[in-house]
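Colleague: Show me how the following folds:
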Amino acid sequence: MKVTKYSDIKFGRVAKVVHTVTEDDIKTFGDLSGDHNPLHFNEEWAKKTIFGGRIAHGLLTAAFISTAIGMHLPGPGTIYMSQSMRFLGPVRMDDTITARVEVIALNDEKERVTLRTTCTNQENKLVLDGEALVALMKVEE
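Modeller: Sure, this is the predicted structure:
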């Protein structure tokens with residue numbers, strides 16, 4: 001597997017990951033995280049909330065950003081240093097989420113990359129907005 005080098009990263013570069021959220025995704029994430037909040041698992045209970053029904057875990061949505069960063073931009077060898085995010089809308093089962101990362105700043109001295117991180121649904125509605133700081137692992141060749 002080729003590890004990305006800092007010198008390969010360019011300002012404005014973009015990568016995307018698309019994923020349709022399934023019942024199994026929500027169950028698996030709940031089992032892995034231990035988060036079995038009825039908002040994610042109990043339709044009758046969730047219908048009584050402001051969301052009007054079940055929604056996916058916010059961090060499940062954020063995980064698609066991790067995929068975009070770790071596998072595409074910058075890619076393999078990326079070290080996640082920080083992430084800020086705002087959840088702007090619910091993600092429901094069968095929503096198709098596009099996680100997008102864009103290089104918005106480069107720190108040549110420390111070889112760090114700042115990315116704008118967003119997730120939109122199939123209606124192009126922004127459901128998550130944030131920013132990540134990453135570094136690239138240095139490996140001997």
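Colleague: tell me the contacts of the nearest residue to M137 once chain neighbours are set aside?
Modeller: Nearest residue to M137 in three dimensions, chain neighbours excluded: G77, at 4.1 Å (CB to CB, 6 or more residues apart in numbering). Just so you know, the C-beta spots here come from the backbone N, C-alpha and C atoms, and that holds for glycine as well. By CB atoms under 8 Å, 6 or more residues apart in numbering, the residues touching G77 are V3, T4, L136, M137, V139.
Colleague: try K110
Modeller: A135.
Colleague: and it, how far is that from L136?
Modeller: Remark: distance between K110 and L136 (CB to CB, to the nearest Å) = 11 Å.
Colleague: Check T67 too.
Modeller: Counting by CB to CB - T67 and L136 are separated by 17 Å.
Colleague: Which one of the two is surrounded by more residues?
Modeller: Between T67 and L136, counted using other CB atoms under 10 Å, the more crowded position is L136 (21 against 14).
Colleague: That one against K5, yeah?
Modeller: Yes - counting by CB atoms under 8 Å, K5 is a contact partner of L136 at 6.6 Å.
Colleague: Do a quick rundown of the helices in the chain.
Modeller: Along the chain, the stretches classed as helices by DSSP state H are 23-33, 38-41, 43-47, 58-71.
Colleague: closest to D129 out of those?
Modeller: Proximity of these to D129 was assessed by CB to CB; the nearest stretch is helix 58-71, lying at 10.6 Å.
Colleague: ok, residues contacting that closest one?
Modeller: 15-17, 19, 21, 25-26, 29, 33, 76, 78, 80, 83, 85, 87, 91, 97, 99-101, 115, 117, 119, 127-128, 130, 132, 134.
Colleague: Stretch 79-87 now?
Modeller: Stretch 79-87 is contacted by residues 58, 61-62, 65-66, 69-70, 112, 117, 127-137 when judged by CB under 8 Å, 6+ apart.
Colleague: Check which residues of it are buried.
Modeller: Neighbour-count burial for stretch 79-87 flags Q83, M85, F87 (criterion: 16 or more other CB atoms under 10 Å).
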